[in-house]
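Trainee: Got a sequence here, can you build the structure:
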Amino acid sequence: MNDILVLGGTGFVGRAVCERLVECGAGGGRIVVPTRRLAHGIGVRSLPTLELVQADVHDDAQLAALVAGADAVVNLVAILHGTPAAFEQVHVELPRRLARACQATGVRRLVHVSAVGVGPGAPSNYLRSKTAGEAVLAAAGLELTLLRPSVIFGADDEFLNLFARLQLLAPLLPLAGGAARFQPVWVQDVAAAVAACLERRETIAQTFELVGPTVYTLSELVRLAGRWSGHERPQWPLPMAAGRLQARVMEWLPGRPLMSRDNLDSMAVPNVASGRLPGLAELGIRAAALEAVAPGYLGSAHACARFERWRAAPRRE
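Mentor: Numbering: from 1, shown residues only. Purely as a prediction, here's the structure:
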């Protein structure tokens, strides 16, 4: 494997993936990361062997030109919030464009990051579009590996950091869906999985569920985020109807939404491994425990500053 194209390489997961590929040598070739705005790539720009290029991956001609120079493609592009049309564009149309570009240029190797919980009858726009995106790629005749992570945690995550910050601001935390189950996975383990799949051809045509060693309820995760950040607050369980009203209000607040109704819909499906598919262990990776990683970054004095930067950042389309 020589040159690798990483779509979504400037995001939270993308930065970890790029760092891991550079560390592994990426087969001695280049790692190419496209971005609409070069300013978004500040976190990866200094990595050796990585080339940051300005391009719109939703443009067929630009995407084909990017793919043509690659030996393999990693697709990490995803959104957590948006309209049904936005989910369709990012999770279905982009994979369709990518499949056409790969077919046109003869590039066959693709690692695509999807999500735990996809499948027929998925309850949210997020999961339905992720399901459709997988189907598009599976039908394209490529050397495809699918990775389905649970919620991903790490120093710049948008999950535990969010609940830590909210508990700093509020004396009481209203919480809907507290019984929803998650199996959080460390971002570095996800990055290691991507690198392992690129290195091992036996992973072609396989789907891996990437999860941590422990299942938690949302309520437990919120409590831990507050405890590790030093300001654990009481929770006020909300019935789902009230939670949806709260989420609707949040959708209209300035900046990136903290929670959406679609997020609540996604939580109707347990965000845990099915037990029917291989996982990190089959890739030779020992999953890191949440308790071994999260206290270190949630307790950092920089945690709130990271959250504020995320909230103030422009939404990416």
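
Trainee: how close does the nearest residue to H40 once chain neighbours are set aside sit to D157?
Mentor: Taking CB to CB, 6 or more residues apart in numbering, and ignoring the residues beside it in sequence, H40 has T10 as its nearest neighbour in space, at 4.6 Å. (Glycine included, C-beta is placed from N, CA and C.) Distance of T10 to D157, given as CB to CB, to the nearest Å: 16 Å.

Trainee: still on that earlier bit, residues contacting the residue nearest to H40?
Mentor: For T10, the contacting residues are 33, 35, 40-41, 43-44, 52, by CB atoms under 8 Å, 6 or more residues apart in numbering.

Trainee: rerun that using 10 Å as the cut-off
Mentor: 18, 33-45, 52, 76, 316 (CB atoms under 10 Å, 6 or more residues apart in numbering).

Trainee: Generate a PyMOL selection restricted to the buried entries among those residues.
Mentor: To isolate the buried subset of the contacts of T10 in PyMOL, counting by 16 or more other CB atoms under 10 Å, use the following:
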select buried, resi 18+33+34+35+40+41+43+44+52+76
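
Trainee: Quick one: the strands in the stretch 51-200 of the chain, in order.
Mentor: 72-75, 109-113, 143-149, 152-153, 173-176, 181-182, 185-186 (DSSP state E, counting those that start in this stretch).

Trainee: picking up where we left off before, if I look at the residue nearest to H40, how far off is V44?
Mentor: Spatial separation of T10 from V44 under the definition CB to CB is 6 Å.

Trainee: L264 now?
Mentor: From L264 to V44 the distance is 33 Å (CB to CB).

Trainee: again, but for V90
Mentor: As it turns out, when the distance is counted by CB to CB, V90 lies 20 Å from V44.

Trainee: Is the residue nearest to H40 part of a helix or strand, or is it coil?
Mentor: Reduced to three states with DSSP: H, G, I helix; E, B strand; the rest coil, the structure at T10 is coil.

Trainee: Repeat that for the one 10 residues further on.
Mentor: When the structure is split into helix, strand and coil by three-state DSSP, R20 lands in helix.

Trainee: pLDDT score for it?
Mentor: Per-residue confidence at R20 stands at 95 (pLDDT).

Trainee: Contact partners for it?
Mentor: R20 is in contact with 26, 187-188, 190-196, 198, counting by CB under 10 Å, 6+ apart.

Trainee: redo that, cut-off 6 Å
Mentor: For R20, the contacting residues are 191, 195, by CB atoms under 6 Å, 6 or more residues apart in numbering.

Trainee: Give me the neighbour count for G141.
Mentor: Counted with other CB atoms under 10 Å, residues neighbouring G141 total 11.

Trainee: and it, how far is that from L110?
Mentor: Distance of G141 to L110, computed by CB to CB: 11 Å.

Trainee: And D60, by the same measure?
Mentor: Taken as CB to CB, the spacing of D60 relative to L110 amounts to 17 Å.

Trainee: So which of these two has more stuff around it?
Mentor: Neighbours were counted for D60 and for L110 using other CB under 10 Å; L110 has more, 25 against 13.
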